[in-house]
Structures are given as C-alpha cells and as structure tokens.
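In: pasting the sequence and the predicted coordinates here, then a few questions.
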Amino acid sequence: MAQRIPDQVSRIYRLTGNNDTDCLDNLRMDMGSFARLCYLLHNVGRLSDSKDVKLEEKVCFFLTVLAHHKKNRIVKFDHVRSGHTVSIYFNAVIVSLLKLHPILLVTPKPVDDECNVARWKHFKGCLGALDGTYIDVQPPLLDKPRYRNRKGGISVNVLGVVDRNMDFVYMLPGWEGSAADGRVLRDAVNRPNGLKVPNAPYQSIRYHLDEWCEGSRAPQNAKELYNQRHTKARNVIERTWGIMKWRWAVLRSTSFYPLRTQNQMILCCALLHNFIRREMEVDPAEAHVPDLDPNHRNLYADDQPADDEFVESVGPNHEWSAWRDNLANDMFTDWRVGHC
C-alpha cells in the first residue's frame, strides 16, 4: 500500500507547486520566484531543512504571516504544526532573510543626461526619493506614550528611500511614533555610512500637486516651478509605500510580536518587495494601488514642524541652497522659453 502523503507536504505543494495564481494569492510571488527565494535563503542566508520541517515550509510560514497577517494559532492549524514550531521557524527565516540585505537592497543609479523621463530629467544626479510612514506596533504598556504619533495611533516612524524604479535603497525603522520627522532624518544622516540628503524643496512655497494647474495657478516663479517638479518626482516614494502596505497586510494593522521583531519584519518586507520586483516581470501589486497611500506622511508638507525640525542637507546649507537656486532658475528659464 502506498504511504499516505503527509498533510504538511500536501499543503506546501498546493501553495508552491500547483499554479502561479495560488502562489501569488497566498505568498505574493509566483512559483519561480518562490523557488529562487528559497535558493537564496539556503545558500546565502544559511537556512536549511530540519529533521521534520523542510525549508520551503518554513518560508511559507513566514510569507503567510507577512502577506495576510495571520496569527500563530491560524498558521499552525493551516499547516498542521504546533505553535512552537511555527514561532521557531518564523524567527529563523527573519534571521536568514536579513542576511540577504547586501544582495536585495538596490544601489541606485543617478539621473544622467540621457534620461528623458519627464519627472526625473530635470534632476541630474538624483538617486531617488525619501519619505516616512507610520507602521502600527504594539510596544510594552509603559512605552506606549512614546510611540503615540500626532494622529493618535501607536506606531513606529519609518523612513524609507527608493530609487526611480520603486526599489528600496535605504530604510530606517524603529523610531517611536512621537519622534519628529527631522529627528529621524538627522539620525539617518549622522549614522556611519548614513543617508545623503542634499536636496529639498523650498519651504513656505506651494508644494502639493493639487495646488497647481494651467492658467493663473501655474507656477509663478522659479521656486514654485522647482517645488512642482520636486513633488512630481518624489511621488515615487508615496506609491511605493502604498504598494508595500497592499502587499504585506502585517504593515496595515497592529501586530503583537516583540517590538524588535516587529522592526525586523518591516525591514524584511522591504527586502522582499525588492526581490519580487527584481524577479517578476510585472509587479501585480501596482494594479491594486492608487498613487498615494492614505497613511503616508509627506515630510515636506507645510503642516510639518518648523524649520529647526527640518533637515535640508548634509553639506553646508549655503552651498546646497546656492546649488538648488541655480537649478531652479535654470528650470524656470527653460520653462518660460517653452511657454512663450
């Protein structure tokens, strides 16, 4: 008599070996991408089979939690495993995946003279766009006041930087929700090998896209035109946060993991985002996401803290300001010629 196929093996085959649609719906990637992820986790992240649990099943535990924010008791029921087994290997995959960051974090390419993309061609040398978002967390009770953001939620303040293709090049999670955006940005800038932030919009000048249109509401001077083009370019980070939160349900609601684990999960979501966009010809999440994530915060909005809370550059302010002024004036001159 043929031996019965274990329930666990049958479920993993249904998730990862049946068809791409089921794999996408459940794990947010197709079968080929899942196989390549397992290969990287084994060969680079040093994740391996254990006596009773295959590597592929461990990865399924992990992706199921991120994609659908299923609790441990649901995952253990679905996979016919104990809660202890799910917990142990969930954390093992986190450790393994974080080892892939040198491979999965993207090295951005600056905008060059050959660029003809309307929103980027004016910013020669630009590497990408940055902005922050709130991710709900569950800190210890006594720490909750520090994590309460200005919207009243309990969250961490996460800074993300993406390139023109919506791939993450830098991420800094972990700051309390009450932390001012300028403080988070300063921390990123001042770390060893930290973030470089040379270029910001003009303060107290129209910035949001809906503030401009043709005619009397068109840009009236160099600073307004610069801000209009700046906000069009950095719309890429707003859309990226929207895609991230659509793809990974764990980012859309409070999780009850230890705070350190929650911050690691945020980093893992960014690494997997890059992996999926690299491995799949078409990112299926893009079709489901509007241009702006409603939870997204614009660090450059006028309702942000005063100038002393805002980091404009990592170099001397007068040098960067002069460079920005020259760029804005060149833009405005070209724009006026084109509108004559």
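Out: Yep, that arrived.
In: report pLDDT for N157.
Out: Predicted confidence (pLDDT) for N157: 94.
In: and for the one 5 residues further on?
Out: V162 is assigned a pLDDT of 94 by the prediction.
In: the one 10 residues further on too?
Out: At L172, the model reports a pLDDT of 92.
In: likewise for P290?
Out: Reported pLDDT for P290: 66.
In: ok, now the one 4 residues further on?
Out: According to the model's per-residue confidence, P294 sits at a pLDDT of 47.
In: beta partners of M171?
Out: Beta-bridge pairing for M171 (DSSP bridges): G160.
In: from what I can see it touches C268, true?
Out: No. M171 is beyond contact range of C268, at 10.4 Å (criterion: Cβ atoms under 8 Å). Just so you know, the C-beta spots here come from the backbone N, C-alpha and C atoms, and that holds for glycine as well.
In: shared neighbours of these two, anything?
Out: With contacts defined as Cβ atoms under 8 Å, 6 or more residues apart in numbering, no residue is shared by M171 and C268.
In: strands of this structure, residue ranges please.
Out: 129-136, 155-162, 168-176, 296-297 (DSSP state E).
In: compare those and give me the one nearest T240.
Out: strand 155-162 (4.8 Å; Cβ to Cβ).
In: now do the closest one: distance to the chain's middle.
Out: In terms of Cα atoms, centre = their mean, to the nearest Å, the centre of strand 155-162 is set 7 Å apart from its chain centre.
In: same for it, what does it pack against?
Out: Packing partners of strand 155-162 (3 or more Cβ pairs under 8 Å, 6 or more residues apart in numbering; DSSP states H and E): strand 129-136, strand 168-176, helix 181-190, helix 235-247, helix 259-279.
In: coming back round to it: including mean neighbour count and distance to E286, could the strands of the chain go into CSV?
Out: Output for the strands of the chain, formatted as CSV (neighbours: other Cβ atoms under 10 Å; distance: least, Cβ to Cβ, whole Å):
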stretch, mean neighbour count, distance to E286
strand 129-136, 22, 17
strand 155-162, 24, 14
strand 168-176, 21, 15
strand 296-297, 20, 16
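In: need the helices for the stretch 51-200 of the chain, in chain order.
Out: 55-68, 72-79, 83-98, 101-104, 144-147, 181-190 (DSSP state H, counting those that start in this stretch).
In: scratch that, the stretch 201-340 of the chain is what I was asking about
Out: 222-233, 235-247, 259-279, 317-338.
In: in a markdown table: the ones you listed, plus distance to N149.
Out: Converted to a markdown table, the helices of the stretch 201-340 of the chain look like this (distance: least, Cβ to Cβ, whole Å):
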| stretch | distance to N149 |
| --- | --- |
| helix 222-233 | 23 |
| helix 235-247 | 15 |
| helix 259-279 | 15 |
| helix 317-338 | 28 |
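In: hey, which helix or strand in the protein has the poorest pLDDT?
Out: strand 296-297 (a mean of 55; mean pLDDT, DSSP states H and E).
In: if we can go back for a sec, closest to V53 out of the helices of the stretch 201-340 of the chain?
Out: Per Cβ to Cβ, nearest to V53 of the helices of the stretch 201-340 of the chain: helix 259-279, 19.2 Å.
In: so for that closest one, mean pLDDT?
Out: Helix 259-279 comes out at a mean pLDDT of 97.
In: same question, stretch 331-338
Out: Stretch 331-338 comes out at a mean pLDDT of 68.
In: where in the stretch 51-200 of the chain is pLDDT low?
Out: By pLDDT under 70, the low-scoring segments of the stretch 51-200 of the chain are 196-200.
In: circling back: quick one: closest of the helices and strands packed on strand 155-162 to V86.
Out: Among the helices and strands packed on strand 155-162, helix 259-279 sits nearest to V86 (Cβ to Cβ), with 13.6 Å.
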